[in-house]
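Colleague: could you work out the structure for the sequence below:
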Amino acid sequence: MSTDPGIDSFRFGRILLLISVVTAVFLVLSADRLEGEAFQIGAFAIGTVAVVTAIIGFLIAVGSAVDA
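Modeller: Predicted structure coming up:
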């Protein structure tokens, strides 16, 4: 946790990197297992979860800035 005022950009960057890696792994696995419309639905669901998780990560980073 940074002592500087403002958004902790390193924490936010790590969260985004983790979300990106996990999303990529899940997309590769679902592409291997699913075909056609099932893959499209799975990819949409995985992408939706990734976006929601990124929003939550941003809110956490902003919350740490407010607490500082």
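Colleague: can you give me the helices for the protein?
Modeller: All helices of the chain, identified by DSSP state H, fall at 9-33, 36-67.
Colleague: tell me how far the residue of the chain most remote from its centre lies from residue 42.
Modeller: Distance to the chain centre peaks in the chain at residue 36, reaching 25.0 Å (criterion: CA atoms, centre = their mean). For residue 36, the distance to residue 42 (CB to CB, to the nearest Å) stands at 11 Å. Bear in mind the C-beta positions are built from the backbone N, C-alpha and C, glycine included.
Colleague: again with residue 54
Modeller: Residue 54 sits 19 Å away from residue 42, taking CB to CB as the criterion.
Colleague: what about residue 41, how many neighbours?
Modeller: Look at residue 41: counted by other CB atoms under 10 Å, it has 12 neighbours.
Colleague: quick one, grab the pLDDT at it.
Modeller: In this prediction, residue 41 carries a pLDDT score of 94.
Colleague: sorry, back to before: what pLDDT does the model give the residue farthest from the centre of the chain?
Modeller: 93.
Colleague: how about it, what does it touch?
Modeller: For residue 36, no contacting residues are found, by CB atoms under 8 Å, 6 or more residues apart in numbering.
Colleague: just for the protein, where's the confidence low?
Modeller: Applying pLDDT under 70 to the chain flags the ranges 1-6, 68.
Colleague: show me what contacts the closest residue in space to residue 11 that isn't next to it in sequence?
Modeller: Counting by CB to CB, 6 or more residues apart in numbering, residue 61 is the residue found nearest to residue 11 once chain neighbours are left out, at 5.7 Å. Listed by CB under 8 Å, 6+ apart, the contact set of residue 61 reads 7, 8, 9, 11, 12, 15.
Colleague: one more: residue 13?
Modeller: With contact set as CB under 8 Å, 6+ apart, residue 13 has no partners.
Colleague: surely residue 62 meets residue 8?
Modeller: No. Counting by CB atoms under 8 Å, residue 8 is not a contact partner of residue 62; they are 9.3 Å apart.
Colleague: now do the spatially most central residue of the chain against residue 12, distance only.
Modeller: The centroid of the chain falls nearest to residue 19 when counting by CA atoms, centre = their mean (3.3 Å). Separation of residue 19 from residue 12 (CB to CB): 11 Å.
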